[in-house]
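**Q** Model the structure of this input:
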Amino acid sequence: MADAARKVATYDDVLAAPPHMVAEIVDGELVLSPRPASRHGAAASVLSEELGPPFKRGRGGPGGWLIVYEPELHLAGNVLVPDLAGWRRERMPLFPDTPFMTLAPDWICEVLSPGSARFDRKKKMPIYGQEGVRNAWLVDPVERTLEVYRLADAHWSLLATFSDDERVRAEPFDAIELELGLLWADVEPAPVK
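**A** Next up, the predicted model:
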């Protein structure tokens with residue numbers, strides 16, 4: 001009975017969200033999350049800095065990608081905001097001059113935080129898979145890990161988990177070696193529990 005009475009969120013709800021929150025709609029429900037904390041933001045920023053030159057610009061790598069920080073994606077009635085997303089230029093040669101994207105990316109990266117990890121894994125990852133996103137990375141700056149996934153037969157397959165200061169080649173950006181430790185180098189270590 002409660003589900004039948006539940007109000008289905010609309011894009012007006014997203015637009016009315018407080019500016020200090022990230023607003024998303026998942027399965028008709030408005031989900032508000034706080035803006036990323038410094039550890040989260042630093043990891044996403046460094047990853048964008050490392051991938052941009054070789055993949056977006058072709059400096060020291062193959063190019064061929066458009067990569068953007070926190071795009072708003074409208075996918076099958078859902079409004080999602082991954083931390084990073086990338087499109088192969090053969091699918092999206094230029095970003096459209098629109099406030100949101102309707103073409104599913106080829107790669108997404110979610111930077112996990114204690115408050116978002118379950119939501120990112122359980123709610124958002126299945127939607128990305130249903131929409132045909134081919135690759136996903138989950139970065140956990142507290143645990144200092146990178147999980148690399150590939151969509152196969154409509155299911156996510158974990159290809160590898162890397163940690164700490166490893167040097168990695170991770171699909172779909174395996175043309176370069178990524179120094180994982182850079183993602184957490186500029187933030188104080190997480191408190192030991």
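**Q** who touches the top helix by length along the chain?
**A** Ranked by number of residues, the top helix in the chain under DSSP state H is helix 38-51. Under the contact criterion CB atoms under 8 Å, 6 or more residues apart in numbering, helix 38-51 has outside partners 36, 65, 67, 69, 83-84, 86, 109, 111, 113, 139, 141-142, 173, 178-179, 182-187, 190. C-beta: built from backbone N, CA, C; applies to glycine.
**Q** got the buried residues for it?
**A** 39-48, 50-51 (16 or more other CB atoms under 10 Å).
**Q** Just the buried residues of the contacts of helix 38-51.
**A** Buried among the contacts of helix 38-51 (16+ other CB under 10 Å): 36, 65, 67, 83-84, 86, 109, 111, 113, 139, 141-142, 173, 178, 183-184, 187.
**Q** Which ones among those lie within strands?
**A** 65, 67, 84, 86, 109, 111, 139, 178 (DSSP state E).
**Q** Now Phe95: closest residue in space that isn't a chain neighbour?
**A** Excluding its sequence neighbours, the residue lying closest to Phe95 (CB to CB, 6 or more residues apart in numbering) is Leu66, at 6.1 Å.
**Q** pLDDT value on the one you found, please?
**A** Looking at Leu66, its pLDDT is 97.
**Q** Please report the distance of it from Asp13.
**A** 28 Å (CB to CB, to the nearest Å).
**Q** which one of the two has more residues nearby?
**A** Leu66 (19 against 16; other CB atoms under 10 Å).
**Q** distance of that one from Pro191?
**A** On the measure of CB to CB, Leu66 and Pro191 end up 37 Å apart.
**Q** For Lys7, state which of the ones in strands among the buried ones among the contacts of helix 38-51 is nearest.
**A** Closest approach to Lys7 among these (CB to CB): Val111, at 29.9 Å.
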